[in-house]
Each structure stands twice: as C-alpha cells, then as structure tokens.
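Enquirer: Have a look; sequence and predicted model below, questions after that.
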Amino acid sequence: MLSLYRQLNNRLLTFDPGYLNLRSAFRGTLAVTASYFVMAALAKAFGSTPTLSFLAVLMTMMTVIVVNDSKLADQKITTLLVPWPAATTAVLSVALAPWAHARLAVFLIITFLAVSIRRFGPRWTGIGIVSFMAYFATLFFPFHQSDIPSIVIAIVLAIGIAFAARFWLLPDRPRRIITLYLKAFDLRLNNTLSRVAKALRSSENNPAMIREAEPSRDWKDVRQSFIYLNELCIAIDLFLDTNDSKSIRSKSDGFQLKLFEHEMALRRLWDYSFELLHLEQRPKGLFLNAAVAIESLRKGQLTTVSEERFRALLDAMKNQSDDPALDNFLSALKNVKKTLDTQDFSQSDISTVVNDIKSKSQQVAAPAKAKDRLHISTRQAIQATLATTIASLLGTSLSPQRWYWASITAFMVFIGATRGETMMRAVLRILGTILGLILGFTLAYAFSGQTRLEWTLIVGCVFFGIFGARLTFGFWTAGLFSSMFALLYDILGLLNKDIIYLRLEETLIGAFIGVIVAAIVLPTSTHGVVRSALATYLRTLAGIIESLPSESPNPFARRALIRRLRSMDKELMDVRLAAAPIVGRASLMPHGGLPSALHDATMLAHYIRHLGINVDPRSELEEEEFAIACQELASGFRAEALAIDTDTLGKRETLPWSGKPSRNMSGPRHSLERIRVSLASLGSRKI
C-alpha cells in the first residue's frame, strides 16, 4: 500500500510539480464552498434573494483563478482592490436594468475597458476580468434595484473569503514548494536517464538505425523527456525569480546555475549517446554496457552503485573501441556523475533561497509589444468588443433569455493576445463544452433525485475546474463548469435536452464569432510576436556582453550593467509570455523547436548574469582575449536576432561542445563556453 501511494504521489508530482495546481484547487474549492454557505445563510436570515449565493460563488471562483500577480504582496493588494470595481460594475448593471439599450451599451464599454487595461500588467488583468464578470452576472441573475446593498455585501464578502483561504488558511510555503520542485526535478532527471538507457538498449540490435533520417520512437521519447525537464527548470526559474530583493546578486542565482549545470551535463550525454549510433563498427554489448552505466546514475542509486563498478563499466567500454565518439561519450558520462556527486542540492541551498524569496507565485509579464501603431491590448479590446457585440446579437436571435452564453464565450476566447491563441481557446472551449455537457447530462440522468450526491458532484466539478484552469483554461473551465451547469439545472428541475442543445449552440456561436474576428480584424500572428520578442531579447544580450570588457571590477560601480540586466530579465519574461499559447500544456498549435529555444534563452540569461556579476575575467584570460571573446559572442547574438527576424533557420550545429569544457565556474571560460553552446543550440531551433 505504501509503495502504491509513493507511485501515485510521484506520478502526481511529475504531472504537477510543486503541487501548484493542487493547492490552488483546494483553496478555491474551500473558498467557493464557504462563500455559498455563508451567503445562503445570510440571505435566508435577512430575507434576501437566494441568487446572491450564486453571485458570491462566481466572484470567489473568478478571484481565485485570475489574480496572478508576481509577488505575494501584490497578490494581496490586488485581491483587496478587486471588490470595489466589481461592486461598482454590478451596481451599475442593476441600476440600468429599466433601460435595456443603455445597459447593453455599458456592457460593451466595460468589455472594451476590461480587455484594454491588460496592458498595465497582471493586477489590471485580474481587476478587468472580475469586474466584467460582476456586470455580466447581474445580466442573467434576477436582481432588482432594491437588492443593490445586498449585492455589494455579497461581492465584498465573497472576495474576502477568497483572500482568507489563499493567504491565511492555505498559504504558499516557499520551503515546501522548493523541496517539492526538487523532488520533481529528480524524478524527471531519472526518467530522462532511463529513456536514454532504453534508447541505447533498443539500438543494440538495430544496425539500420544508423541510416535513419528520423530518430526511432525511443529517441523521440528521449527528446520529449528533455522538453519536460526543460519546462520544469523554467517553472523553477520563474518561481525563484519572484522575489523582492533589489540586489542583482540574488542568493537564488547559484541555485539556478546548479539546475542548469545538471541540464547541460545531461544534454551533452544525450548528444554523445546519439552520436554512438554512427560508429562504423559496433562491438557487441557496447550499447548494453552504456545503458547500464547510464542507469547507475539515477538519483537514489548513486550510493548503491560502487565507484569500482562504475569504473569497470567505463573500462569495459573503453576496451571495446578506440573511436573518438566513444571517448566523447565516456567523458560526458563521467561529467554527469561528477555533476550529480558534487553539485547536488542541500538543505543549506534551500534555506538560502527561502531567505531570499519574498513572494510565492509565478511571475506574469506584460504582453510583448507588437510592431504596430495600436498597442496589442487595444487591438485585442477592439476585437473582443466587436466579437461580443455580434455574438450577443446572434445569441439573442437564437434565445432572448440565454443570449449571454454566446457573449461570455466570445469574451473568454479573447483572454489570449494573438490570433493563434484566440483560435486555440475557441476550439478548446467548444470541445470542453461538448464533453462537459455530455458528462453533466449523464451524471444528472444517473443520479437524478439524489440531491446530496449531485451537490457533491458539483463541488467536484469546481475542484477539477480550478485545477485545470492553470493547465488549459478554456478546456477545463468550459468542460467542468458545463457539467456543473447540467447538475445544477437538474437540481432546480430545469434540465432538458433543449437547454443542453441551446447551451452548445450559443457556445458555438460565441467561439465561431471570436475566431472570425481574430482572423480578420487587426490580426496578430502568435509566432510573429514570439520571434519579435526573442529577437529584441537577443539584441539586448548582445549589448550586455559587448559592454562587459569595459565594466569596472567594482560591483558598486556597475549601475548601467545592472539596469541592462534588469531589462534582460523583463524581456525574457516577454518572450515566455508570448510563447505561452504555443508551448503551454494541451496547446493545439505546433511547438516546433520553441520549447527548447525557450530553455536556451533562459540559460543564456543566467550565464550572462553570472559572467557579468560573479566572474573576474582576469582570473583566466588577458583583457584583450576576453574582449575578443565577448565581441564574437555579441556578433553571434545579433546575427541570430537577424535570422529570427527574417525567419531564417541557421546552420545546425549538432554537437556544439568543446573537447574539454572548463569546470571552473569562478572563471570566465566556463560561462563563455556555456553561452556559446546555448547560442549555437538556439540557432538550430525552428521557431
């Protein structure tokens, strides 16, 4: 039983590193449930309308999902600010109820404002969405002007409960999160080593693989496992970057560099493992020995495999061939073992990082700027308002009572910023709605009349809807909340086939209109935004590394460098945000080489920061040598930026490693080598 629990726990941790989604779902479900019961009790005690409970649930749920500021203090401030504009829009909607046309006009104005203010960052994104939902909710809940005081109280109370659940009852604890992240890193690292070993085993008796243009299934699995490992490293990097420290010499930097040293060692091993396939003569048993040696490096087994046994495996392989490719593989193998032995993570490392961290959630940057006259948020606001208008008109023609389902779908697909993201969200929302309605109708039919069980299922829908919101917002929220809708309508005695079909038809109208508007009106290419952001980022890196030879050795005199490094960090966040709709889990858009390119870009930032702040170039290089090396790299960055701007794939450098890479991290050679390798790797990616 204990073994089964560990297996399930490891699988969940691999799927949800740090348990971020799980914690968010627990907090959100607790807050939503508490909001419903508290507001229902108050409504009953004071004779208010029962629909206040549903308004409170909606406000709590949206606050839990959309408040995503980078720092803990900012999250608290945003959560405390949200109730007031939300209450204002709700009151405005109810006050305008006698004037239908004016009410609809204000609805469209709020739609425009809710989207356009996203340019100011995550705080205003959250405020805009919750305020829109507050106005929207009062359109279909039967409120009257006499309910206005109760509405304000319900909104403030609901968001207050969300605040208490998030920051008091179930707060994020940095030490626990980092420990879980590292455990997930170990699990994915072990999985990567196992897949490399499996690929070598499968290659032992497959000579034809040498001539294959495409790697076998096992080698493709190796590539995918590296993508997962890269994604986890970036997630840890994002978490560690959210700190209040103003010092550029962050205590988290050494921790992050350790992660990337593990990554670089594994990538080198992967490259040279694949290179073994090109041996002109393959001694029998060579790949099996290589697989055994790689598996012995799995974390948790380093102490059980003796040094003598490991050396014996290396000697056995060395005696089987004198090909340089084998020498490179053995060197990479020893490098991985040395990295795992000497650069493992200790409790001291975790304590150092925890003391440096003042915030606990992922950082969300402002959207990458497009090269257009209109800001991308303004373009998106125009699109969302137009789509919502058309969807509302068509939805009304289909059902004067349920038109808002089309409107909310049109609005929600524009939570993204580009044409590709909007289309992706529309498709996911349609699929989620169809599957959710099928599931909800099935559950409602099976358990009709069992009210307590149906309420339990509704709570389950809330939990998994919030859990999935961080993974694929449109699919999971549309699917699980559609199931919740079916169950709730069954409890109220309103569920029938006609209303299910109407829900689906209105969703199709809203999604279809959203896609058409995104494709025709002021369209923005997702890949174009990514390439523009990445090219800007690389030019910033070129300027930084070009300036390093002239920087003063005194770190207190490096104000200009520190400003450039801060700019580098911001532009890296812009790249990550622009790439999110492509590389996000369950994305329907082709990834290409973007996940790996994103990882390379992250590594470049870390090694350039390390070179600029923590390294004394004079320890290993003459001043002129260092200047020449920096100038060559700066030229490489600019050339790569130009290639990305023109969408030109550079010459592939499959093995950009030097023969004997420097292991002296305090000297410049190590960082220069890592920067060169990462740039060469980035240049081979199809973006």
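Expert: That came in fine, so what should we check first? Residues are numbered from 1 along each chain as shown.

Enquirer: Domain ranges for this structure, per the record?
Expert: 1-172+361-366, 185-229+251-346, 391-523, 526-683 (automatic domain parsing).

Enquirer: With just CA atoms, put stretch 62-74 into CSV.
Expert: C-alpha atoms of stretch 62-74 as CSV (Å, rounded to 0.1, in the frame of the first residue of the first chain):
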residue,chain,number,x,y,z
MET,A,62,-13.0,34.2,-10.6
THR,A,63,-10.8,35.8,-8.0
VAL,A,64,-9.1,32.5,-7.2
ILE,A,65,-8.4,31.9,-10.9
VAL,A,66,-7.4,35.3,-12.3
VAL,A,67,-5.5,37.1,-9.5
ASN,A,68,-1.9,36.1,-10.6
ASP,A,69,0.4,38.9,-9.6
SER,A,70,4.1,38.1,-9.5
LYS,A,71,4.7,38.8,-5.8
LEU,A,72,2.8,37.8,-2.7
ALA,A,73,2.3,41.4,-1.5
ASP,A,74,1.0,42.3,-5.0
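
Enquirer: Check which residues of it are buried.
Expert: For stretch 62-74, burial by neighbour count (16 or more other C-beta atoms under 10 Å) applies to 62-72, 74. C-beta here means a position set from N, CA and C on the backbone, and glycine is covered the same way.

Enquirer: Quick check: the gap between R676 and F626.
Expert: 14 Å (C-beta to C-beta, to the nearest Å).

Enquirer: Same question for T451.
Expert: Applying C-beta to C-beta to T451 and F626 gives a distance of 75 Å.

Enquirer: For those two, indicate the residue with more neighbours.
Expert: F626 (20 against 11; other C-beta atoms under 10 Å).

Enquirer: How about the more buried one: what's its closest non-neighbour residue?
Expert: In this structure, F626 finds its nearest non-sequential neighbour in P617, 4.3 Å apart by C-beta to C-beta, 6 or more residues apart in numbering.

Enquirer: Next up, the contacts around the one you found.
Expert: By C-beta atoms under 8 Å, 6 or more residues apart in numbering, the contact set of P617 is 548-549, 623, 626, 668.

Enquirer: Can you go through these and name the buried ones?
Expert: Among the contacts of P617, those classed as buried by 16+ other C-beta under 10 Å are 548-549, 626, 668.

Enquirer: just to revisit the earlier point, any chance of the domains of the chain in a markdown table, with mean pLDDT and distance to H375 too?
Expert: Compiled in a markdown table, the domains of the chain are given as follows (pLDDT from 0 to 100; distance: least, C-beta to C-beta, whole Å):
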| stretch | mean pLDDT | distance to H375 |
| --- | --- | --- |
| domain 1-172+361-366 | 91 | 6 |
| domain 185-229+251-346 | 80 | 32 |
| domain 391-523 | 88 | 11 |
| domain 526-683 | 81 | 13 |
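
Enquirer: Quick one: closest of those to I376.
Expert: Within these, the stretch nearest I376 is domain 391-523; the backing value is 5.7 Å (C-beta to C-beta).

Enquirer: now the closest one: how far from the chain's centre is it?
Expert: Centroid separation for domain 391-523 versus its chain: 23 Å, with C-alpha atoms, centre = their mean, to the nearest Å.

Enquirer: Can you give me the end-to-end span of that domain?
Expert: 19 Å (C-alpha to C-alpha, to the nearest Å).

Enquirer: What of stretch 618-627?
Expert: Using C-alpha to C-alpha, the distance between the terminal residues of stretch 618-627 is 11 Å.

Enquirer: Identify each buried residue in that stretch, please.
Expert: Within stretch 618-627, the residues that count as buried by 16+ other C-beta under 10 Å are 620-621, 626-627.

Enquirer: got it, and stretch 485-502?
Expert: For stretch 485-502, burial by neighbour count (16+ other C-beta under 10 Å) applies to 485-491, 495, 499-500, 502.

Enquirer: Show the subsequent helix or strand relative to the lengthiest helix in the chain.
Expert: Using DSSP state H to define each element, the chain has its longest helix at helix 174-204. Where DSSP states H and E defines the elements, the next helix or strand beyond helix 174-204 is helix 217-241.

Enquirer: relative orientation of that next one and helix 174-204 in degrees?
Expert: Relative orientation of helix 217-241 and helix 174-204, computed by axes from the mean of the first three to the mean of the last three C-alpha atoms, to 10 degrees: 160 degrees.

Enquirer: returning to what we had before: out of the domains of the chain, the one nearest V354 is which?
Expert: domain 185-229+251-346 (9.5 Å).

Enquirer: for the closest one, the distance to its chain's centre please.
Expert: Its chain's average C-alpha position is 28 Å from that of domain 185-229+251-346, according to C-alpha atoms, centre = their mean.

Enquirer: So which of the contacts of P617 belong to strands?
Expert: Judged by DSSP state E, the contacts of P617 include no members of strands.

Enquirer: Could you tell me which of these belong to helices?
Expert: By the criterion of DSSP H, membership of the contacts of P617 in helices covers 623, 626, 668.

Enquirer: for the residue nearest to the first one when sequence neighbours are not counted, what are its contacts?
Expert: Yep, that's E623 we're talking about. Nearest residue to E623 in three dimensions, chain neighbours excluded: P549, at 6.8 Å (C-beta to C-beta, 6+ apart). Taking C-beta under 8 Å, 6+ apart, we find P549 in contact with 617, 623, 626-627, 630.

Enquirer: from those, which is closest to T422?
Expert: Minimum distance to T422 across those is 41.8 Å, recorded for C630 (C-beta to C-beta).

Enquirer: So for the host helix or strand of the closest one, what gets flagged as buried?
Expert: Assigned by DSSP H and E, C630 belongs to helix 623-645. Buried residues in helix 623-645, defined by neighbour count with 16+ other C-beta under 10 Å: 626-627, 629-630, 633-634, 636-638, 640-641, 643-644.

Enquirer: Stretch 277-286 now?
Expert: Under 16+ other C-beta under 10 Å, the buried positions of stretch 277-286 are 277, 279, 282, 286.

Enquirer: Which members of those residues are positioned in helices?
Expert: L286.

Enquirer: Skipping its backbone neighbours, what lies nearest I159 in space?
Expert: With sequence-adjacent residues excluded and distances taken as C-beta to C-beta, 6+ apart, I159 is closest to P83, at 4.5 Å.

Enquirer: who's in contact with that neighbour?
Expert: 155-156, 159-160.

Enquirer: What of H527?
Expert: 420, 582, 687.

Enquirer: buried subset of those residues?
Expert: Neighbour-count burial (16+ other C-beta under 10 Å) applied to the contacts of H527 gives 420, 582, 687.

Enquirer: wait, the last one sits on R531?
Expert: Going back to what we said before, that points to I687. Yes. Using C-beta atoms under 8 Å, I687 is in contact with R531, at 6.0 Å.

Enquirer: picking up where we left off before, okay, and which of the buried ones among the contacts of H527 map to helices?
Expert: With helices taken from DSSP H, the overlap with those comprises 420, 582.

Enquirer: Dump the contacts of H527 to a markdown table, plus distance to L20.
Expert: Shown next, in a markdown table, are the contacts of H527 (distance: C-beta to C-beta, whole Å):
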| residue | distance to L20 |
| --- | --- |
| G420 | 25 |
| I582 | 21 |
| I687 | 27 |
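
Enquirer: Of these, just say which sits nearest to T352.
Expert: Among these, and counting by C-beta to C-beta, the member closest to T352 is I582, at 34.5 Å.

Enquirer: circling back: what sits in contact with each of I687 and R531?
Expert: Shared contacts of I687 and R531 (C-beta under 8 Å, 6+ apart): 644, 647.
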